[in-house]
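Engineer: any chance you could fold what I've pasted below:
(one chain, ligands or ions: 2)
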Amino acid sequence: MAPHQFTQADKDTFDRDGYVVLKNFFTNEEVDLIYGTSTKDHVISQKSFDFNDSKGLRTKLALWYTPQDDVYGMYSRCERMVNAVEMILGGQAAHYHSKLMQKEPKVGGAWEWHQDYGYWYNNGFLFPDMVSVMLALTSANKENGCLQVIKGSHKMGRVEHGIAGQQVGASMEKVEEALKRLELVYVELQPGDTLFFHCNILHRSEANLSENSRWSLISAYNLVSNKSYKNEPSSHYTPIAKVPDDAIVKAGMKGISDNADFLTQEVDSKFKETIVQPEA
Ligand SMILES: O=C(O)CCC(=O)C(=O)O
Ligand SMILES: [Fe+2]
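Structural biologist: Ligands and ions are numbered 1, 2, ... in the order given. Just a heads-up that it's a prediction; the model follows:
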């Protein structure tokens, strides 16, 4: 079966609501490969760090900038994905970074209300020509701390961010007002479902206190022309070398190289407050 394509109707929904979900944008076979690879990937587990929430619960995450030839790179570089992103951004896209979010049963931490551009603005990006894409690797639901969005909040523009508990979060005054007027949506996803969300949409997630993991792969994209004036890795303005849609299946269980440019604690100040060293 030919993979789903992102259509103008999807783009219209994205523009109106600040997000759109494409059911089964990636097939079961593709998700099985990506999830199967990631759970066995020693480089991923070695490069992952814990990100603490305000109650001390922790999400494991691994983040890298330049997409490689592994199964995750084929996912973030495939035509289906990049064409969708270029339709959203209205021009040539670069891959800013991808991260594997591992919210484990009982311990997976919460994320405070924020806009992704609330972080990225401080990384030297002048324009909100950026978008995040979340692929569900496991099912995500209310019980295991799925993403919540405030529908339409991207139209508020960038909101001030400060330290919220241990994390960087949006001004709660603005969030509370937004919640009085706009709908709060729990974005429940099945494996393979893909959420495209605007860099200025307010979102958060609750802790995973359930018995089930909630894993996702989140890729962030930028317009090639929106070059940061700070010292960000070059991936964010490098045109993506697109690959055909069948490249994911062809990559098979190919894991990531430990030469990939992973985020480490030292290079990213926005995470400094919240990173705890993995246990030895
Ligand atoms: O996956 C989540 O629960 C939220 C993650 C998120 O919003 C982020 O990493 O910016
Ligand atoms: Fe986010």
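Engineer: the closest residue to Asn200 other than its chain neighbours: neighbour count?
Structural biologist: Spatial nearest neighbour of Asn200, chain neighbours left out: His154 (4.3 Å); criterion: C-beta to C-beta, 6 or more residues apart in numbering. C-beta: built from backbone N, CA, C; applies to glycine. By other C-beta atoms under 10 Å, the residues close to His154 number 24.
Engineer: for the one residue in the stretch 151-280 of the chain that gets nearest to ligand 1, list the residues it contacts.
Structural biologist: Across the stretch 151-280 of the chain, the shortest distance to ligand 1 (C-beta to the nearest ligand atom) belongs to Ser205, at 3.2 Å. Residues near Ser205 by C-beta atoms under 8 Å, 6 or more residues apart in numbering: 103, 110-111, 145-148.
Engineer: okay, and the beta partners of it?
Structural biologist: Counting by DSSP bridges, Ser205 forms beta bridges with Trp111, Leu147.
Engineer: state the distance from it to Glu177.
Structural biologist: Note on Ser205: its distance to Glu177, by C-beta to C-beta, to the nearest Å, is 21 Å.
Engineer: Lys155 should be in a strand, yeah?
Structural biologist: No. Applying DSSP: H, G, I helix; E, B strand; the rest coil, one finds Lys155 to be helix, outside a strand.
Engineer: next one: the residue lying closest to it once chain neighbours are set aside from ligand 1, what distance?
Structural biologist: Excluding the flanking residues, the one nearest Lys155 by C-beta to C-beta, 6+ apart is Gly18, at 7.3 Å. Separation of Gly18 from ligand 1 (C-beta to the nearest ligand atom, to the nearest Å): 13 Å.
Engineer: burial count for Gly18?
Structural biologist: 26.
Engineer: tell me who's in contact with it.
Structural biologist: Shown in contact with Gly18 (C-beta under 8 Å, 6+ apart): 149, 151-155, 197-198, 200-201.
Engineer: adding distance to Asp246 and pLDDT, write those residues out as CSV.
Structural biologist: Output for the contacts of Gly18, formatted as CSV (distance: C-beta to C-beta, whole Å; pLDDT from 0 to 100):
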residue, distance to Asp246, pLDDT
Val149, 32, 98
Lys151, 34, 98
Gly152, 36, 98
Ser153, 37, 98
His154, 33, 98
Lys155, 38, 98
Phe197, 27, 98
His198, 29, 98
Asn200, 34, 98
Ile201, 32, 98
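Engineer: got a PyMOL select line for the buried ones in those residues?
Structural biologist: Selection command for PyMOL covering only the buried members of the contacts of Gly18, criterion 16 or more other C-beta atoms under 10 Å:
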select buried, resi 149+151+152+153+154+197+198+200+201
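Engineer: next step: the contacts of Gly18 restricted to strands.
Structural biologist: 149, 197-198 (DSSP state E).
Engineer: what is the strand or helix carrying Tyr117 packed up against?
Structural biologist: Element membership of Tyr117 [criterion: DSSP states H and E] is helix 116-120. Counting contacts by 3 or more C-beta pairs under 8 Å, 6 or more residues apart in numbering; DSSP states H and E, helix 116-120 is packed against strand 130-136, strand 167-170.
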